[in-house]
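[1] quick one: sequence plus predicted model below, questions after.
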Amino acid sequence: MNGRLPLLELVDLARHFPVRNAFGRRTGWIRAVDGVSLAVYPGETLGLVGESGCGKSTLGKTVMGIHAPTAGEIRFAGREIGHLPPGERRAIARDLQYVYQDPGASLDPRWKVLHSLHEPLKIHTRLGRAEREQQVRAILAAVGLPDAHLDLYPHELSGGQQRRVGLARILTLRPRLVILDEPTSGLDVSVQASVLKLFRSLQETFALTYVFISHDLAVVRAMCARIAVMYLGTIVELGETAAVFEQPRHPYTRSLLAAVPRIGGRRVTLDFALEGEPPNPRDVPSGCRFRTRCPLVQDRCAAEEPALRDLDDRRVACHFA
Amino acid sequence: MAELLSVRGLRVDFVTDGGVAQVLDGINLAVGPGEVVGLVGESGCGKTTLARAILGVLPAGAARVRGGEVRFKGTDLLREDRAVLNDRVRGRAITFIPQDPSTSFSPLFSVQTQVMDLMKWKSPRRQDGDGARWPLRGYPRERYRADRDAVLDALRAVQIPEPARALHRLPHEFSGGQRQRLMIAMALLPQPDLIIADEPTTALDVTIQAQILRLLRELVKARGVSVLFTTHDLGTAHEICDRIVVMYAGQEMEAAPAEAFFARPAHPYTRRLLASVPGPGGELRDIPGDVPSLIAPPPGCRFHPRCDHATPECQARPAARALAPGHEVRCHHPVEGPLGADA
């Protein structure tokens, strides 16, 4: 992404969790995120894909400041924010927002929609009541809900409307970067399509930058211009979505794409070859983390951890890509 | 083809605080011997209720079977004697694979205890009345040995490493994929004629899902077992099914061989559903409107308020119309031609 300054830049970011035994003694570490470097540019949607337990959500939460980084740097708009004192960190919180799987579930059931939408503005801005009211109404219209809904309680709304209110609440602060964590899992395809459309129109209206965390490759392909594929806490492949889908270079990406059921044509499971399950992140294999399941594995893979290196149009972490 | 399972005009209501919900509205469904049939539909369309109605395990307080029949090998399960159902059908001739294996095992007992408990009652080697009188000790030693060997074979068939040691472990020591393999082994052990699998891969990652789907299809095809596979994921249905039935709001809309279902879907709902899967070019097509309330559903075809092709005729439920052998659609205005042109 030629010459533009990244909005978010991660440099060797790591987040490890201690594993303790019954007596509270540390017996090991879970290396949930282990040396991730990537950049997110203004206005883009970066997809972050991988299977459960690969560290995608931990990565998102570490960027948000929900987890403190164990090592490495988080640069937001050119400024290191991973190790700021709490007061200064809070000032940045409004620029960075996190959308959970069901944003509607974060609404307080005893508060009217109006109250929920005013709250972030009260905390983060010095706007007067009238100005807040104006902003709240504008956001509500942007997510496609009528003003009348301001006086309703969450239980009076449908699930889809609650989701829209949840999104409105996140957008009232006009964030610059929004991390969407599995925003469509558990939705039916027909509903999923309308939720994804909403994300797209909001991105246009508010000039948002998205990090889109998902395990659903079809959705990521539809939404993201670039994707990063994670496996056991590291990024194994990073590049333009179309190119990665067309010609995956890392053997894990290849297996992952080969496993996605495709409608019509030959059954993909007939040719699917990947054996076994991901190893426990408490016990990461030496060298390349994928070597225990990799069809191309050789001695070198156990001895040497492949670095994420530039390769034509993308970055790949494999000795043999 | 003589049908193994045939559901005709099944109606099930649920009594709720808000009124009576008509959850199944005259459902027809057939499963042939050795056939893998997919039951596809969005959440709330009644897939699970239908699966439970076939097994006879609807929630007793709320559900009312209002009509229709469930014929399994000629007998109507809805009118069969409960003792016979318990002894010969449920868990024996028809077994079940749940969506979430982690909540289906008891966390307190070893896998061996739980599998052998199943075999005590549901083993194909069990004689009539065996154990019925002395439930606490009626497990003949000879049969126990034979059953345990069968269990080890089944664990090998589902590719659990070191089956004899695996039996002594607790369910939490297995990963989600391994637990689902155990469930598949348990569903096959009674040597059933039909397995009802309720979204068995929804909780799994794609690579594990691909392994499990392939394994399940290989095992049931080798043994000639029929499967009724419910799913909301069209891709999964494509991977495993011979034939697909699509449901919407308690009605079946279309039934077709898998190939025809994806190549030439005829029902407007099927076409919209297939079109709402995100395409490689990033195009997104939703279905406008909401799924109707089952308490006051629209008359006739329940999809007509959201349908582009709807006419006043659609206020009456269309009869099934055969388009090709095995391809039936319940629509007054079926659409012809390949997918993509209209939606």
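    Cool, got the structure.
[2] within range of chain B, give me the residues from chain A.
    Neighbours of chain B within chain A, by C-beta under 8 Å from any C-beta of the partner chain: A:51-52, A:158, A:160, A:188-194, A:196-197, A:200, A:215, A:217-219, A:221-223, A:245, A:255-256, A:258-264, A:267-270, A:272, A:274-275, A:277. Where you see a C-beta, it was placed from the backbone N, CA and C, and this is true even at glycine.
[3] now with 6 Å?
    For chain A, the residues found near chain B under the criterion C-beta under 6 Å from any C-beta of the partner chain are A:51-52, A:188-190, A:193-194, A:196-197, A:218-219, A:222, A:259-261, A:263-264, A:267, A:269, A:272, A:274, A:277.
[4] from these, list just the buried residues.
    Taking 16 or more other C-beta atoms under 10 Å in any protein chain shown as the criterion, what is buried in these is A:51, A:188-190, A:193-194, A:196, A:218-219, A:222, A:259-261, A:263, A:267, A:269, A:272, A:274, A:277.
[5] can you list the buried residues in the worst-scoring helix or strand of chain B on mean pLDDT?
    Within chain B, no helix or strand scores below helix B:101-104, which has a mean of 84 by mean pLDDT, DSSP states H and E. Buried residues in helix B:101-104, counting neighbours by 16+ other C-beta under 10 Å, are found at B:P101, B:S104.
[6] equivalent analysis for stretch A:204-223, please.
    Across stretch A:204-223, burial judged by 16+ other C-beta under 10 Å covers A:208-223.
[7] quick one: the helices in the stretch 101-250 of chain B?
    With DSSP state H, counting those that start in this stretch as the criterion, the stretch 101-250 of chain B has helices at B:101-104, B:111-122, B:141-157, B:163-166, B:176-188, B:206-223, B:234-240.
[8] quick one: which of the ones you listed has the weakest pLDDT on average?
    Looking at those, the lowest mean pLDDT belongs to helix B:101-104 (a mean of 84).
[9] can you list the domains in chain B?
    Following automatic domain parsing, one finds the domains of chain B at B:1-93+B:196-343, B:97-189.
[10] ok, the lengthiest strand in chain A: who's next to it in the sheet?
    Looking across chain A with DSSP state E, the single longest strand is strand A:26-40. Its sheet considered, strand A:26-40 pairs with strand A:8-20 (antiparallel) by DSSP bridges.
[11] what's next to the strand it pairs with, contact-wise?
    A:26-40, A:58, A:62, A:67, A:69-76, A:177, A:282 (C-beta atoms under 6 Å, 6 or more residues apart in numbering or on different chains).
[12] can I get it in PDB? Just the C-alpha atoms.
    Below are the C-alpha coordinates for strand A:8-20, written out as PDB (Å, rounded to 0.1, in the frame of the first residue of the first chain):
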ATOM      1  CA  LEU A   8      -2.700   0.900  12.800                       C
ATOM      2  CA  GLU A   9       0.600  -0.800  12.800                       C
ATOM      3  CA  LEU A  10       1.500  -3.900  14.900                       C
ATOM      4  CA  VAL A  11       5.200  -4.700  15.400                       C
ATOM      5  CA  ASP A  12       6.100  -8.100  16.800                       C
ATOM      6  CA  LEU A  13       3.000  -8.000  19.000                       C
ATOM      7  CA  ALA A  14       2.700 -10.800  21.500                       C
ATOM      8  CA  ARG A  15       0.200 -11.700  24.200                       C
ATOM      9  CA  HIS A  16       1.000 -14.700  26.400                       C
ATOM     10  CA  PHE A  17      -1.300 -16.000  29.100                       C
ATOM     11  CA  PRO A  18       0.100 -17.900  32.100                       C
ATOM     12  CA  VAL A  19      -1.100 -21.400  32.800                       C
ATOM     13  CA  ARG A  20      -1.300 -22.100  36.500                       C
END
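[13] which parts of the stretch 201-321 of chain A are helices?
    Going by DSSP H, counting those that start in this stretch, the stretch 201-321 of chain A shows helices at A:217-223, A:241-246, A:251-259, A:299-303.
[14] now do the contacts for B:W121.
    Applying C-beta under 6 Å, 6+ apart, we find B:W121 in contact with no residue.
[15] re the thing from before, name the nearest of the buried residues of stretch A:204-223 relative to chain B.
    A:A222 (3.6 Å; C-beta to the nearest C-beta).
[16] from memory the closest one sits against B:P278, does it?
    Yes. With contact defined as C-beta atoms under 6 Å, A:A222 counts as touching B:P278 (3.6 Å).
[17] rewinding a little: hey, which of the domains of chain B is tucked in deepest?
    domain B:1-93+B:196-343 (a mean of 19; mean count of other C-beta atoms under 10 Å in any protein chain shown).
[18] quick one: that domain near chain A?
    Yes. Using C-beta under 6 Å from any C-beta, domain B:1-93+B:196-343 reaches chain A at B:42-43, B:205-207, B:210, B:213-214, B:232, B:234-236, B:238-239, B:262, B:276-278, B:282, B:284-287.
[19] do you know the pLDDT at residue 232?
    If you meant another chain, say so; for now it's chain A. With respect to pLDDT, A:L232 scores 93.
[20] my question was about chain B
    Listed pLDDT for B:H232 reads 90.
[21] can you map out the strands along the stretch 1-150 of chain B?
    With strands called from DSSP state E, counting those that start in this stretch, the stretch 1-150 of chain B shows them at B:5-16, B:19-31, B:36-40, B:63-72, B:75-76, B:94-97.
[22] so the third one versus strand B:5-16, what angle?
    Pointing back at strand B:36-40 there. Here strand B:36-40 points in a direction 30 degrees away from that of strand B:5-16 (axes from the mean of the first three to the mean of the last three C-alpha atoms, to 10 degrees).
[23] for chain B, what's the nearest residue on chain A?
    Going by C-beta to the nearest C-beta, chain B is nearest to A:P261 of chain A, at 3.0 Å.
[24] list buried residues within the contacts of strand A:8-20.
    Burial by neighbour count, 16+ other C-beta under 10 Å: within these this picks out A:30-40, A:58, A:62, A:67, A:69-70, A:72, A:74-76, A:177.
[25] what's across from B:L194 in the sheet?
    For B:L194, the beta-bridge assignment (DSSP bridges) gives partners B:I94, B:S226.
[26] and it, how close does it get to B:G326?
    Separation of B:L194 from B:G326 (C-beta to C-beta, to the nearest Å) stands at 19 Å.
[27] a markdown table please, covering the domains of chain B and showing distance to A:V236.
    Shown next, in a markdown table, are these (distance: least, C-beta to C-beta, whole Å):
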| stretch | distance to A:V236 |
| --- | --- |
| domain B:1-93+B:196-343 | 14 |
| domain B:97-189 | 21 |
